[in-house]
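Novice: Following is a predicted model, sequence given first.
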Amino acid sequence: MRTNSSPHPLETTAALFDRIRAGDSLARERLLERYLPVLRKWVHGRLPRGARGMADTADIVQVAFYRALNRLEAFEHRHEGAFFAYLRQITLNAIREEIRRSMRRPSAPWPRAPLLHG
């Protein structure tokens, strides 16, 4: 019999969702431990070089998890693998946003003109 409250290593994602929805912060940590390494590997290299100045893999992954966990109540876990697909879609959206953001910022700062007083 288990005496601590840590989740079983084989606990399903659906069971973790149930525990998270019930307010279990350890289940949230377990979900992060399970999916962070996988998502980092998936994201690595998907952010184009031109968009890497302000964001990197860790930033994109953090944004994706933040958005996913904030919308967890609306997520329907229909099958194992559904949450990772959901994370990938959120991540792709975050990458697209970062690409658009990088396209809006100038590639090199404009030289400052001296102020003329007169």
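Specialist: That came through fine. Numbering: from 1, shown residues only.
Novice: what does the helix or strand harbouring residue 103 contact?
Specialist: In the assignment (DSSP states H and E), residue 103 maps to helix 82-104. Contacts to helix 82-104, defined as C-beta atoms under 8 Å, 6 or more residues apart in numbering, come from residues 13, 17, 35, 38-39, 42-43, 46-48, 50-51, 53-55, 60-61, 63-65, 67-68, 75-77. C-beta coordinates here come from the backbone N, C-alpha and C atoms, glycine included.
Novice: Only the buried subset of these, as a PyMOL command please.
Specialist: Of those, the buried ones can be selected in PyMOL as follows, counting by 16 or more other C-beta atoms under 10 Å:
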select buried, resi 13+17+35+39+42+43+47+51+55+60+61+63+64+65+68+77
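Novice: Could you tell me which of the contacts of helix 82-104 belong to helices?
Specialist: If you go by DSSP state H, the contacts of helix 82-104 have 13, 17, 35, 38-39, 42-43, 60-61, 63-65, 67-68 in helices.
Novice: Now the helix or strand bottoming out on mean pLDDT in the chain: buried residues?
Specialist: Ranked by mean pLDDT, DSSP states H and E, the weakest helix or strand in the chain is helix 82-104, scoring a mean of 87. Applying a neighbour-count criterion of 16+ other C-beta under 10 Å, one finds 83, 86-88, 90-91, 94-95, 98, 102 buried in helix 82-104.
Novice: How about stretch 19-38?
Specialist: Per 16+ other C-beta under 10 Å, stretch 19-38 contains these buried residues: 19-20, 27-28, 30-31, 34-35.
Novice: Format those as CSV; extra columns: pLDDT.
Specialist: Shown next, in CSV, are the buried residues of stretch 19-38 (pLDDT from 0 to 100):
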residue, pLDDT
19, 92
20, 91
27, 93
28, 92
30, 93
31, 92
34, 92
35, 92
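Novice: farthest-separated two in these?
Specialist: Farthest pair in these (C-beta to C-beta) is 19 and 35. Separation: 15.1 Å.
Novice: okay, which residue is most central for this protein?
Specialist: residue 64 (2.2 Å; C-alpha atoms, centre = their mean).
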